[in-house]
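> from the sequence below, what's the structure:
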Amino acid sequence: MESNRCELTGVIVTLEKVIVTPAGVPRQRLWLEHRSRQLEDGHPREVQARIAVILAGGMTRQAQSLKEGQRIKVTGCLSRAGYKGDARDRLQLIAQTLDTLNQD
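You can find the predicted model right below:
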C-alpha cells in the first residue's frame, strides 16, 4: 500500500467560507503559511510554503473558532487541487486532524 501522510504547522493567512457540496457535505478551505528551518544535505535552509488545507464534514464545525493569524498543526494527506488546467499541478492538504497551537 502506498503512503501519503503530511504534518504541517503554520499560520492561517486566509480562512474561506464554508460551502456545501452537491452531495450535502460541508467543505471549507484555508490557506496555511509554513516557515521553518530544515536541514538540506546537512546544511540549514529556510523553508517557506503556502498550501491550501481542505476541511470537510465535521472538520468544518471544529474550524468555526479558527481565526486568520492563528497558529495550527494539521495532519492529513496530499491531493491534487483539481483535474483540469493548472490545478492538476497544485497540491492541497486534505485535513484529518487539526490542532490549535499556543502563540509564541
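
> quick one: secondary structure of the nearest residue to C77 once chain neighbours are set aside?
Nearest non-adjacent residue to C77, counting by Cβ to Cβ, 6 or more residues apart in numbering: N4, 4.4 Å away. Yep, even glycine has a C-beta here, placed from its N, CA and C like the rest. With DSSP: H, G, I helix; E, B strand; the rest coil as the basis, N4 sits in coil.

> tell me which strands and helices the helix or strand bottoming out on mean pLDDT in the chain is in contact with?
The helix or strand of the chain with the poorest confidence is helix 58-62; it has a mean of 90 (mean pLDDT, DSSP states H and E). With contacts defined as 3 or more Cβ pairs under 8 Å, 6 or more residues apart in numbering; DSSP states H and E, helix 58-62 has these neighbours: strand 26-40, strand 91-100.

> and those strands as a markdown table, adding distance to I19, mean neighbour count and mean pLDDT?
Supplementary listing: those in a markdown table, determined by distance: least, Cβ to Cβ, whole Å; neighbours: other Cβ atoms under 10 Å; pLDDT from 0 to 100:
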| stretch | distance to I19 | mean neighbour count | mean pLDDT |
| --- | --- | --- | --- |
| strand 26-40 | 6 | 14 | 97 |
| strand 91-100 | 15 | 16 | 96 |
